[in-house]
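K.L.:
Predicted model, plus sequence, below.
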Amino acid sequence: MSDTPKGGLVTYVKQSWLILLLSVIFGCALAGVELALRDKIKQNRLNKTKSGIPKFFKMAAIERATQIEVKGKGDEPSVKIWRIVDANDKLLGWLLPGRGAGYADVIELVVAVDAKCDRILGMSVLKQAETPALGDNIRKQPFKNNFAKGLTTFKNVTVVKGAVKANPKLNQIQAITGATVSSKSVVAIVNATITAFKPFIKKQGVK
């Protein structure tokens, strides 16, 4: 009989190494795919943002829209915002990128503001993974309409829920039924985005 043990610890070790090897292979493969698609995903998101400009600015000349780099504070990376003008180069407003934690995953969106960053013109979600049929309603028009009702940037937007009806004059939006957390997450991102970019926009003036 062979002195080599069959089964037991040896088999377990062999299977463990096989699982580890497969994990490394699949991990490398996924990383390669992500790296290969990163630029394409970035470009698709850029195209989606640019194509959505007329939804917020009816008189916008899309071909004249430009991106301006805003330097981050300290070690924070710089971020590009969209400067929107009409055919005569009159400044109409800005599109500001926002990003933050949602109920299930990171939410990415854009906030449209007027030329002076005094008024919110709208909001659109670019990326989300919220609960289907509940939290993912943040990307649908009924919820987005909340942000096109004359909200200001002079104070934070707040969320009301249940039977209480939101009052835009009080800078309130209506929470999605059954998805209050997702609704509040969007509002938190919108408020943080405006706070981050408003000082920069004010320095630019209306040109």
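P.N.:
Nice, I can see it.
K.L.:
make it CA atoms for all contacts and neighbour counts henceforth
P.N.:
Will do.
K.L.:
Name the nearest residue to Ala192, ignoring sequence neighbours.
P.N.:
Distances taken as CA to CA, 6 or more residues apart in numbering place Gly98 nearest to Ala192, at 7.9 Å, with adjacent residues excluded.
K.L.:
That neighbour looks like it's in a strand, true?
P.N.:
Yes: under DSSP: H, G, I helix; E, B strand; the rest coil, Gly98 sits within a strand.
K.L.:
average model confidence for stretch 98-114?
P.N.:
Stretch 98-114 shows a mean pLDDT of 96.
K.L.:
ditto for stretch 170-177
P.N.:
Stretch 170-177 shows an average pLDDT of 97 in the prediction.
K.L.:
Next, the buried residues of it.
P.N.:
Going by neighbour count (16 or more other CA atoms under 10 Å), the buried part of stretch 170-177 is 171-176.
K.L.:
in which helix or strand would I find the most centrally placed residue in the chain?
P.N.:
Residue closest to the average C-alpha location in the chain (CA atoms, centre = their mean): Glu108, at 1.1 Å. Element membership for Glu108, per DSSP states H and E: strand 106-114.
K.L.:
Which residues outside the helix or strand that comes right after that strand are in contact with it?
P.N.:
Using DSSP H and E, the next helix or strand after strand 106-114 towards the C-terminus is strand 120-127. The set of residues external to strand 120-127 that reach it, using CA atoms under 8 Å, 6 or more residues apart in numbering, is 45, 48-49, 56, 106-114, 138-139, 144-145, 147-153.
K.L.:
which residues touch whatever helix or strand comes next after strand 120-127?
P.N.:
Sequence-wise, the next helix or strand downstream of strand 120-127 (DSSP H and E) is helix 141-144. Under the contact criterion CA under 8 Å, 6+ apart, helix 141-144 has outside partners 122-124, 137-138, 174-176.
K.L.:
Okay then, goodbye and thanks.
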